[in-house]
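> okay, structure incoming, though there's no sequence with it:
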């Protein structure tokens, strides 16, 4: 919160995102909020559908941290403090599976339902994984044994638990612990993956997560394991919900295997609300969906156990013609601090901080790029405007009509219905971040830190100023192109 009458940049708290009216890109925030609304309308429906439960070896952690009487799980030091546990998480998730963590207390509340482990909250899981755990409370290992006898699958990685934690009644508890462990299948080595029946359930042992998880290969999500994407999967009464995003430089245009059964599916674009029936196929028992996803994009897929009847999703060809518009733009500022009254002829798109004007190296605001051009439309084609590199958000108008707001890569939007044969005008309002202005404040010694709490510190919690920041690029850097595409039938 910052009072409206507070001088810019207002009251700031160091440990937060500055998504408020004092941030320049607040003017384009409604588009971002619409994206969040669309995504959350799916992710807040249904139930969780992660694959495995991963035991948190808290007693091993405490033992490893012995000598430190104030052990905290600081957000910036988890990987350094718990490297083996974090590595286990990475290996499981990179194989195309998702997980939830579980403690000793919550293990005690689990039950079995149709061979799956069911938590107190009603979520079911394929198996419980113990990642090279050494110390496990007697009550926990007794519960794990009971779960396997009732039908659960439990995975022990690298070794069986070796001992109980704590010193109270140690010998008595240790004897009971060893008695329980003696009922588990004898395993000569953990080098190989072994699955042994135990009661109605199973005990899986091994040292390689890749090989262990092969037992569940039918449920592997190829979008993660093979393509390097990230995803969340949930389930609804008649199928599943996927939120998928590609945060690597790995464009997708092809069939992608799903880890669930489905007869049909819908694709939803959370950026603009477009939707349609996806193409599915059964490839040797694996359900696959056809995806077209560029780096930075995200998509929602909703699968169904039955067939649905609705409008088809549009798949598009690669561009058949690309027209470059990276030259000869006019630029002026509709809002700027400090005020910039001049207008500029931009021969070649670049950061406005590289223009020969001192104010543009330190300003925060919105610059309007304008260009007129001749165009001839193909009525059978669609056209996509690509802005290239944008710092940081852009509102686009074609021939005076709103085309949309772009704030994330790949900064592309369909404009075919707005283009016309002959003369066309494109206007792009680009808003930068206030970083250059804040850095300028610190260089000049402006006292803007008026929220007297911890105020601003570095990631190591040391007092810091931003006069050391380099000038951040701002504006429309391009290249700007209009790409002609057409729908394809699969």
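Right, received. Where do you want to start? Predicted model, so just to flag it, every value in this text is computed and none were measured.

> so which bits of the top helix by length along the chain are buried?
Selection of the longest helix in the chain by residue count, based on DSSP state H, yields helix 29-43. For helix 29-43, the buried set under the neighbour-count rule, 16 or more other C-beta atoms under 10 Å, comprises 29, 31, 32, 35, 38, 39, 42. Every C-beta, even on glycine, is put in place using the N, C-alpha and C of the backbone.

> chain neighbours aside, what residue packs nearest to the second one?
Put plainly, it is residue 31. Spatial nearest neighbour of residue 31, chain neighbours left out: residue 405 (3.7 Å); criterion: C-beta to C-beta, 6 or more residues apart in numbering.

> now do residue 273
residue 38 (6.4 Å).

> and the worst-scoring helix or strand of the chain on mean pLDDT, which residues are buried?
With mean pLDDT, DSSP states H and E as the measure, the helix or strand of the chain carrying the lowest mean pLDDT is helix 78-81 (a mean of 82). Across helix 78-81, burial judged by 16+ other C-beta under 10 Å covers residue 81.

> so for the following helix or strand past that helix, what gets flagged as buried?
Sequence-wise, the next helix or strand beyond helix 78-81 is helix 83-94, with elements assigned using DSSP states H and E. If you call a residue buried by 16+ other C-beta under 10 Å, then helix 83-94 has these buried ones: 85, 88, 91, 92, 93.

> same question, stretch 101-120
Burial within stretch 101-120, assessed by neighbour count using 16+ other C-beta under 10 Å, is assigned to 102, 104, 107, 110, 112, 117, 118, 119.

> for that stretch, measure first residue to last.
From its first residue to its last, stretch 101-120 covers 14 Å (C-alpha to C-alpha, to the nearest Å).

> gap between that stretch and the chain center?
Shown here is stretch 101-120, whose average C-alpha point lies 27 Å from the average C-alpha point of the whole chain (C-alpha atoms, centre = their mean, to the nearest Å).

> show me what it is in contact with.
Under the contact criterion C-beta atoms under 8 Å, 6 or more residues apart in numbering, stretch 101-120 has outside partners 53-56, 58, 124-128, 136-137, 139-140, 143-144, 147, 150-153, 200-201.

> just stretch 269-282 next, same as before
By C-beta under 8 Å, 6+ apart, stretch 269-282 touches 34-35, 38-39, 255, 262-268, 287-290, 297-301, 308, 310-315, 404, 408, 413, 490.

> stretch 252-265 spans what distance, first to last residue?
Its first and final residues considered, stretch 252-265 spans 18 Å by C-alpha to C-alpha.

> try stretch 75-91
Using C-alpha to C-alpha, the end-to-end distance of stretch 75-91 comes out at 20 Å.

> do stretch 21-39 as well
This stretch, stretch 21-39, spans 23 Å end to end (C-alpha to C-alpha).

> just the pLDDT at residue 17, thanks.
The score at residue 17 is 79. That number is its pLDDT.

> cool, and residue 306?
Per-residue confidence for residue 306 comes out at a pLDDT of 97.

> so how far is residue 264 from it?
The span separating residue 306 from residue 264 equals 7 Å under the rule C-beta to C-beta, to the nearest Å.

> neighbour-wise, which of the two wins?
For residue 306 versus residue 264, the count of surrounding residues by other C-beta atoms under 10 Å is larger for residue 264: 18 against 9.

> OK, contacts around the more buried one?
Applying C-beta under 8 Å, 6+ apart, we find residue 264 in contact with 277, 278, 280, 303, 304, 306, 307, 308.

> now for the residues you listed: which two are most distant?
Pairwise distances among the contacts of residue 264 were taken by C-beta to C-beta; the largest, 14.6 Å, belongs to 278 and 306.

> returning to what we had before: show me the contact partners of the longest helix of the chain.
Contacts with helix 29-43, where a contact means C-beta under 8 Å, 6+ apart, come from 19, 232, 234, 241, 243, 268, 270-271, 273, 298, 300, 302, 393, 404-407.

> repeat the analysis, applying 7 Å as the threshold.
19, 232, 234, 241, 243, 270, 271, 273, 300, 405, 407 (C-beta atoms under 7 Å, 6 or more residues apart in numbering).

> what is the next helix or strand after that helix packed up against?
Where DSSP H and E defines the elements, the next helix or strand beyond helix 29-43 is strand 47-48. Secondary structure elements in contact with strand 47-48, counted by 3 or more C-beta pairs under 7 Å, 6 or more residues apart in numbering; DSSP states H and E, are strand 230-236.

> and the strand it packs on, which strands flank it?
strand 47-48 (antiparallel), strand 239-245 (antiparallel) (DSSP bridges).

> how about these, which one is nearest residue 167?
The closest of these to residue 167 is strand 47-48. By C-beta to C-beta, the value is 37.9 Å.

> turn the buried residues of helix 83-94 into TSV, columns for distance to residue 192.
Putting the buried residues of helix 83-94 into TSV (distance: C-beta to C-beta, whole Å) gives the following:
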residue	distance to residue 192
85	23
88	19
91	17
92	19
93	24
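
> format these as TSV; extra columns: pLDDT and distance to residue 228.
Formatted as TSV, the entries for these read as follows, by pLDDT from 0 to 100; distance: C-beta to C-beta, whole Å:
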residue	pLDDT	distance to residue 228
85	93	23
88	96	19
91	96	15
92	97	15
93	96	11
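
> still on that earlier bit, state the pair within the buried residues of helix 29-43 that is farthest apart.
Spatial extent of these (C-beta to C-beta) is set by the pair 29 and 42 at 21.0 Å.

> for the stretch 51-200 of the chain, just list every one of the strands.
Shown for the stretch 51-200 of the chain, the strands assigned by DSSP state E, counting those that start in this stretch span residues 52-55, 99-102, 111-113, 116-118, 124-125, 127-131, 153-157, 194-198.

> and residue 220, which of those is closest to it?
Distances from residue 220 to each of the strands of the stretch 51-200 of the chain were compared using C-beta to C-beta; the minimum, 12.2 Å, belongs to strand 52-55.

> report the distance from that closest one to the chain centre.
Shown here is strand 52-55, whose average C-alpha point lies 21 Å from the average C-alpha point of the whole chain (C-alpha atoms, centre = their mean).

> what's next to that strand, contact-wise?
88-89, 92, 97, 99-102, 117, 125-131, 133.

> that strand: which residues count as buried?
52, 53, 54, 55.

> beta partners of the second one?
Spelled out, it's residue 53. The partner list for residue 53 in beta bridges (DSSP bridges) reads residue 100, residue 128.

> so where is the stretch 51-200 of the chain shaky, pLDDT-wise?
69 (pLDDT under 70).

> still on that earlier bit, which among the contacts of stretch 269-282 end up buried?
Applying 16+ other C-beta under 10 Å to the contacts of stretch 269-282, the neighbour count classes 35, 38-39, 255, 262, 264-268, 287-290, 297-301, 313, 315, 404, 413 as buried.

> among these, which lie within strands?
Counting by DSSP state E, the members of the buried ones among the contacts of stretch 269-282 that fall within strands are 255, 264-268, 287-290, 298-301, 315, 404, 413.

> for residue 367, see how far away the nearest residue to residue 401 once chain neighbours are set aside is.
Of all residues beyond its chain neighbours, the one nearest residue 401 is residue 418 (5.4 Å), with distances taken as C-beta to C-beta, 6+ apart. Computed with C-beta to C-beta, the distance linking residue 418 and residue 367 is 21 Å.

> okay, those two: which has more neighbours?
Set side by side, residue 418 and residue 367 show more neighbours around residue 367, with 24 against 20, by other C-beta under 10 Å.

> what about the helices in the stretch 201-350 of the chain?
If you assign secondary structure with DSSP state H, counting those that start in this stretch, the helices in the stretch 201-350 of the chain sit at 209-213, 222-225.

> redo these as TSV? Include mean pLDDT and distance to residue 80.
Formatted as TSV, these follow (pLDDT from 0 to 100; distance: least, C-beta to C-beta, whole Å):
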stretch	mean pLDDT	distance to residue 80
helix 209-213	97	21
helix 222-225	97	25
